[in-house]
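A.B. asks: Compute the structure for the input listed below.
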Amino acid sequence: MEQLLGIILHSIGGFSSASFYVPSHKLKKWAWETYWITLGFVAWIIMPTIGGLLTTPDLGSVMSSSPRSALLGAYGYGVLWGFGGLMAGLGLRYLGLALGQSICLGVCAIVGTVVPAVIDHKIGMLFHTVPGLIVLLGFLVYFLSFKFLFLEKEFHFGFYAFKGHIAALFVSFLVTFPVGFFMSKYVVFSDSKMKGRIQLFRYFMICMFNLALNYLLLKIFVENLNIYPVLSQVITTCIVVVFSYIAQRNFSFKASEDDPEATD
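C.D. replies: Prediction:
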């Protein structure tokens, strides 16, 4: 029941987010800033207060007993988010929907990945952990292939011509696939009891899905939104790597010994 409730609440949130701009068509005389602050007042102050009163007994005492640092952090980051939303709206106005949205999403993906790691003093994990090094290896191979191997031009492979950014993606995959498997098997997920051939098969399945997702996102970012290929690859990697880790941890290298595919 809780899972169903979660899906319903996410659906309501998605519908609300998707209908965010609908009222703007009826308020053509309003400036974007006026529309944004009015909507923000309702969405960030009125509705959370109503939701808190409906779902939390004695909301006032809960708020008063909360640590000051937690309250200041929530309010401070909320202000920053609202300011960023305002700037994003202005970006859409002056850059257009496609370019403005792609730049906003790209900046959010990169900053949202790097800044929390810096705040938690974990940015060094990108350089001295196996997953971080594999990601960096993929970026390096992609950049070198795109810039110097394919010279940012089309690569003709028999009956089909690959664009430079797509060809570089396949080269990066060919390098990182074997490296990633052996490092994942013997270093990252060394506690897995599953047979090696089954690990390899499952790892291959997940990697093929990741490759298809990376390919699709790369084509959208580069060919539809006109984002520079290397930056596009950074954005897509930030998206794909989260799914990849969860899938590899819970499927390819499942540690539970009660799995029917586990070794004796």
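
A.B. asks: Domain ranges for the chain, per the record?
C.D. replies: Following automatic domain parsing, the chain resolves into domains at 2-95, 125-252.

A.B. asks: mind checking which helix or strand residue 121 is in?
C.D. replies: Using DSSP states H and E, residue 121 sits within no helix or strand.

A.B. asks: before we move on, the earlier item: tell me the most buried of the domains of the chain?
C.D. replies: Per-stretch averages of neighbours, counted by mean count of other C-beta atoms under 10 Å, single out domain 125-252 among the domains of the chain, with a mean of 16. All C-beta spots, glycine's among them, are computed from the backbone N, C-alpha and C.

A.B. asks: Please state the offset of it from the chain centre?
C.D. replies: Mean-position distance between domain 125-252 and its chain equals 15 Å (C-alpha atoms, centre = their mean, to the nearest Å).

A.B. asks: Check the average confidence over that domain, would you?
C.D. replies: The average pLDDT within domain 125-252 is 76.

A.B. asks: Please renumber the chain so that the first residue is 180 from this point on.
C.D. replies: Got it, first residue is 180 now, which makes that one domain 304-431.

A.B. asks: need the strands for the stretch 230-379 of the chain, in chain order.
C.D. replies: Secondary structure of the stretch 230-379 of the chain (DSSP state E, counting those that start in this stretch): strands at 334-336, 339-341.

A.B. asks: now the domains of the chain in JSON lines, with distance to residue 283?
C.D. replies: Formatted as JSON lines, the domains of the chain follow (distance: least, C-beta to C-beta, whole Å):
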{"stretch": "domain 181-274", "distance to residue 283": "5"}
{"stretch": "domain 304-431", "distance to residue 283": "11"}
